[in-house]
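[1] From the sequence below, what's the structure:
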Amino acid sequence: MGKKNKKAIDRVKFIYMEKDVDGFKLADFLMQGIPLITNFEDYDDIESNKVITFLSGVTYAIDGEIEMIQPKIFLFATKEDYKDGSLRKFVKEYKE
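    A predicted model of the protein is given here:
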């Protein structure tokens, strides 16, 4: 079952940010069309800002959108991924 046949929410990679998480690997996921939900709740604020800024640039470059689900939880995905409605439904359900 390829990307075209799976809903975007089924392709999401959930990332809990820790010291060993590689921002470049996250960028690779985005460029491969894998939406990311990143949780920065227990991550250093300065480092969080650096990663969020970097992923925001990657998201812009791939014609994507960013949604803040909760104060330290973000969804990064292409605009194409939002079209099937599954990501919007998820955001609506969990957004604070």
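
[2] Which helix runs longest in the chain?
    helix 45-61 (DSSP state H).

[3] Give me the contacts around that helix.
    17, 21, 23, 26-27, 30-31, 36, 38, 40, 43, 64-66, 72, 74, 76-78 (Cβ atoms under 8 Å, 6 or more residues apart in numbering). For glycine as for every other residue, the C-beta is placed from the backbone atoms N, C-alpha and C.

[4] Just those: which are in strands?
    Among the contacts of helix 45-61, DSSP state E puts 36, 38, 64, 65, 66, 74, 76, 77, 78 in strands.

[5] on that earlier part again, out of the contacts of helix 45-61, which end up buried?
    17, 23, 26-27, 30, 36, 38, 40, 43, 64, 72, 74, 76-78 (16 or more other Cβ atoms under 10 Å).

[6] Which residue, other than its chain neighbours, is closest to residue 81?
    Spatial nearest neighbour of residue 81, chain neighbours left out: residue 8 (4.0 Å); criterion: Cβ to Cβ, 6 or more residues apart in numbering.

[7] List the contacts of the residue nearest to residue 17 when sequence neighbours are not counted.
    In space, and not counting its chain neighbours, residue 17 is closest to residue 43: 4.0 Å by Cβ to Cβ, 6+ apart. Residues in contact with residue 43, defined by Cβ under 8 Å, 6+ apart, are 17, 18, 51, 72.

[8] As JSON lines, the residues you listed with distance to residue 58 and pLDDT would be great.
    Below are these laid out as JSON lines (distance: Cβ to Cβ, whole Å; pLDDT from 0 to 100):
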{"residue": "17", "distance to residue 58": "16", "pLDDT": "95"}
{"residue": "18", "distance to residue 58": "20", "pLDDT": "92"}
{"residue": "51", "distance to residue 58": "11", "pLDDT": "95"}
{"residue": "72", "distance to residue 58": "19", "pLDDT": "96"}
